[in-house]
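Colleague: Okay, here's the prediction I keep looking at, along with the sequence it came from:
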Amino acid sequence: MNDRFSADDLPRKSPWPVDLAHVRPFHIGSVEVRPGSCEVVRGDQREVLEPRVMEVLVALAGARGETLSRDDLIDACWEGRAVSDDAVNRVISRLRALARAFGTFEVETITKVGYRLIEFDETGTVGGVADAGGGAWTKVDRRRVVAAGAIGALAATGALVWKRPWQHRPPPEAVELFRQGEIATRQGFAGQQRQAIAFYEQAVRIDPSYAAAWGALALTYTHLLEGFDEAEIASVPNRLRSAAQRALRLEPDNADAQFALALIRPTFRNWASMESDLRGLVQRHPDHWLGPGRLALLLTDVGRFREAIDIWQGMSRYHEMPPVGVALIANAMLSAGQFDEADALLQQAYSRWPAHPALWTIRYRLLLFSGRPQAAVAFVLDPDTKPTGVEGDELARLRRLAEAVDTRDPSALQASADEHRRRAESDVRNIPNSATIFALLGQPGLTFAAWDRYFLNRGSLGSSAPISRISRRFARELFAPPMAPLRSDSRFSRLITEIGLEDYWRQTGTRPDYRRTG
């Protein structure tokens, strides 16, 4: 027994484990927690939690700022059963997302010890957790507070309040903008990243001391470094650094800001150093919602798809994957030859996001690249699958491509190759997709001409596209299924040597998946 407390502090009866049906509602700051219905409510804002997540919230809130170890949480909320670290991480991650949404508490990790809940009162200090009637919990032994009967035994005196002047509580309007920014960031529709940036910028204008919003702003800027032309992204690195540095001055261990700074450099030709940096950050912030996924994305760029899939699947056990994340996993499965797994994953995702363009595009690629061109034609023609934001001309182009691959008609194959050549020549960012299409259409000369322009800015395909220190070039399509027949071509060996992939594999002692399987 903890000798800091007297016998009077211990419960007379301690039901074990937490029993949500018998825990009455209580408050964390301005938020009302209703364990019996698994609801967290403030005004019109309402979140419904999974029962396990609510049990852990009740346990941590009842601990009154004391640290609970993982074993304590497992005893209280999993009835002492064998539980993986991923299961606990997932619940803690969900609570941290809830904390960000409401802004009245945070879940703090005490390294190698456990977790504790830090509640903010109206002045930004840590206050008592009140019951629905306004009383405050007394400081009690941790086994008492994680037990449901003891949680209900509240006292009106002896509330534990200690000052932490560095803790900052943002105003509700800034918190709401932050929440909207998170939603926009994770939807993955065109234009949503800029919308998210607008939300975060409004939040920090309202509250310049809002570290989480500065960090989220910096991290969202990293998305603008990809998919835009050089003129558009020229100012982004400085804006990103400014936001990240502001976040770190306010909160030195801000994970969003740390990942954002690591992602300013392009991965192209920086694979080894960036992998090292990202692994270090992931080790420090293992439950970050995006960081491990960026490490996984880097691994796809160097042909290590199975390792990337393992990381993404580990994340999905305690983070809900956004639709773009699901599309990235499915694309990695396609390149790894895991067609059935990709089919199953996309089928599940479609039930939730039936018109998301990223999911539609990878579904089309999966059908086309796995030898099902007739199914790809039917998929394009199905009005029930029509994605948001994809125009009729684009659908017609993809239908013609699938029909050409299906019929192998020489004139149709050549017409489709010409169509994709014009796209590649018009914008260097179209080349990775066009190069794989050239390979699929039996045009290896066009394939390597496209890659030469994209990676090395040489040759006759298209106009000059200089590669600067902020240029993004992605190598993952070198390992897409249509490229497999070309790996024995001497031009492929020359290409991966010239762009530095051979040096990377040698330096890191790794191999791409295609060399593991022959």
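Modeller: Nice, I can see it.

Colleague: List the buried residues in stretch 269-279.
Modeller: Within stretch 269-279, the residues scored as buried using 16 or more other C-beta atoms under 10 Å are R269, W271, A272, M274, E275, D277, L278. In this view, the C-beta of every residue, glycine as well, is placed from N, C-alpha and C.

Colleague: Can you report phi and psi for the closest residue to L295 other than its chain neighbours?
Modeller: Among residues not flanking L295 along the chain, L278 sits closest, at 4.3 Å (C-beta to C-beta, 6 or more residues apart in numbering). In this entry, L278 is assigned phi and psi values of phi -70, psi -40 (degrees, to the nearest 10).

Colleague: From L261, how far out is L278?
Modeller: 11 Å (C-beta to C-beta, to the nearest Å).

Colleague: Can you read off the pLDDT for the residue nearest to L295?
Modeller: Confidence at L278, expressed as pLDDT, is 97.

Colleague: Return the residues in contact with it.
Modeller: Contact partners of L278, counting by C-beta atoms under 8 Å, 6 or more residues apart in numbering, are F259, A262, G291, R294, L295, L298.

Colleague: Format these as JSON lines; extra columns: secondary structure.
Modeller: Output for the contacts of L278, formatted as JSON lines (DSSP: H, G, I helix; E, B strand; the rest coil):
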{"residue": "F259", "secondary structure": "helix"}
{"residue": "A262", "secondary structure": "helix"}
{"residue": "G291", "secondary structure": "helix"}
{"residue": "R294", "secondary structure": "helix"}
{"residue": "L295", "secondary structure": "helix"}
{"residue": "L298", "secondary structure": "helix"}
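
Colleague: So what touches stretch 432-444?
Modeller: With C-beta under 8 Å, 6+ apart as the criterion, stretch 432-444 contacts 368-369, 401, 404-405, 413, 416-417, 420-421, 423-424, 446-447, 450-451, 454, 474, 476-477, 480, 482-483, 485-486, 489, 491.

Colleague: let's go with 6 Å and repeat that
Modeller: 413, 417, 420, 423-424, 446-447, 450-451, 477, 480, 482-483, 486 (C-beta atoms under 6 Å, 6 or more residues apart in numbering).

Colleague: and if you look at stretch 479-492?
Modeller: For stretch 479-492, the external contacting residues (C-beta under 6 Å, 6+ apart) are G303, S335, F369, T436, A439, L440, P444, F448.

Colleague: now do stretch 299-310
Modeller: Under the criterion C-beta under 6 Å, 6+ apart, residues 267, 271, 296, 332, 335-336, 474-476, 479, 504, 512-513 lie in contact with stretch 299-310.

Colleague: Then stretch 390-410?
Modeller: Stretch 390-410 is touched from outside by P357, L368, P373, Q374, A376, V377, V380, A412, L413, S416, with contacts defined as C-beta under 6 Å, 6+ apart.

Colleague: in which helix or strand would I find the fourth one?
Modeller: Assignment of secondary structure by DSSP states H and E places Q374 within helix 373-381.

Colleague: Tally up the residues packed near A234, please.
Modeller: Other residues within reach of A234, judged by other C-beta atoms under 10 Å, total 12.

Colleague: I'd like to know how far it sits from I470.
Modeller: Using C-beta to C-beta, one obtains 7 Å as the distance from A234 to I470.

Colleague: Can you lay out the contacts of stretch 479-492 as TSV showing secondary structure and neighbour count?
Modeller: Output for those, formatted as TSV (DSSP: H, G, I helix; E, B strand; the rest coil; neighbours: other C-beta atoms under 10 Å):
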residue	secondary structure	neighbour count
G303	coil	26
S335	helix	25
F369	helix	22
T436	helix	23
A439	helix	23
L440	helix	24
P444	helix	16
F448	helix	21
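
Colleague: Among the contacts of stretch 299-310, which one sits closest to L73?
Modeller: When the contacts of stretch 299-310 are compared for distance to L73 (C-beta to C-beta), A296 comes out closest, at 27.7 Å.

Colleague: what sits against A213?
Modeller: Here A213 is in contact with F178, Y200, A203, V204 (criterion: C-beta under 6 Å, 6+ apart).

Colleague: any chance of the contacts of stretch 299-310 in CSV, plus pLDDT, secondary structure and distance to N89?
Modeller: Formatted as CSV, the entries for the contacts of stretch 299-310 read as follows, by pLDDT from 0 to 100; DSSP: H, G, I helix; E, B strand; the rest coil; distance: C-beta to C-beta, whole Å:
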residue, pLDDT, secondary structure, distance to N89
T267, 96, coil, 26
W271, 98, helix, 27
A296, 98, helix, 16
A332, 98, helix, 22
S335, 97, helix, 27
A336, 97, coil, 25
F474, 97, coil, 29
A475, 98, coil, 31
R476, 97, helix, 27
F479, 98, helix, 30
Y504, 98, helix, 30
P512, 97, coil, 29
D513, 97, helix, 27
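
Colleague: Pick the one among the residues you listed closest to E251.
Modeller: Closest approach to E251 among those (C-beta to C-beta): A296, at 25.8 Å.

Colleague: which residue is nearest the middle of this protein?
Modeller: Using C-alpha atoms, centre = their mean, the residue of the chain that lies closest to the mean C-alpha position is L290, 3.3 Å off.

Colleague: What is the helix or strand hosting S242 packed up against?
Modeller: Per DSSP H and E, S242 falls inside helix 236-250. Taking 3 or more C-beta pairs under 6 Å, 6 or more residues apart in numbering; DSSP states H and E as contact, the helices and strands that helix 236-250 lies on are helix 211-224, helix 255-262.

Colleague: Please produce JSON lines containing those helices, extended by distance to M321.
Modeller: Converted to JSON lines, the helices and strands packed on helix 236-250 look like this (distance: least, C-beta to C-beta, whole Å):
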{"stretch": "helix 211-224", "distance to M321": "16"}
{"stretch": "helix 255-262", "distance to M321": "17"}
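
Colleague: So which of those helices is the most surrounded?
Modeller: Mean neighbour counts were compared across the helices and strands packed on helix 236-250 using mean count of other C-beta atoms under 10 Å; the top stretch is helix 211-224, at a mean of 26.

Colleague: burial measure for N457, as a count.
Modeller: Around N457 sit 16 other residues, with neighbours defined as other C-beta under 10 Å.

Colleague: show me the contacts for it.
Modeller: Residues in contact with N457 (C-beta under 6 Å, 6+ apart) are A465, P466, I467.

Colleague: Find the nearest non-adjacent residue to the last one, please.
Modeller: Once flanking residues are discounted, I467 sits nearest to N457: 5.7 Å by C-beta to C-beta, 6+ apart.

Colleague: Could you tell me the end-to-end distance of stretch 310-330?
Modeller: The first and last residues of stretch 310-330 sit 12 Å apart, counting by C-alpha to C-alpha, to the nearest Å.

Colleague: And for stretch 344-357?
Modeller: This stretch, stretch 344-357, spans 18 Å end to end (C-alpha to C-alpha).

Colleague: mean confidence score for it?
Modeller: pLDDT averaged over stretch 344-357 equals 90, rounded to a whole number.

Colleague: next one: stretch 387-398
Modeller: Per-residue confidence for stretch 387-398 averages out to 90 on the pLDDT scale.

Colleague: Stretch 29-40 now?
Modeller: 88.

Colleague: Run through who's touching it.
Modeller: By C-beta under 6 Å, 6+ apart, the residues outside stretch 29-40 that reach it are 20-21, 23, 25-26, 41-42, 47-49, 51, 54, 58, 102, 104, 119-120.

Colleague: same check, this time on stretch 80-97
Modeller: Applying C-beta under 6 Å, 6+ apart, the external contacts of stretch 80-97 come out as R52, V53, V56, L57, R70, I74, V107, D287, R317, Y318, H319.
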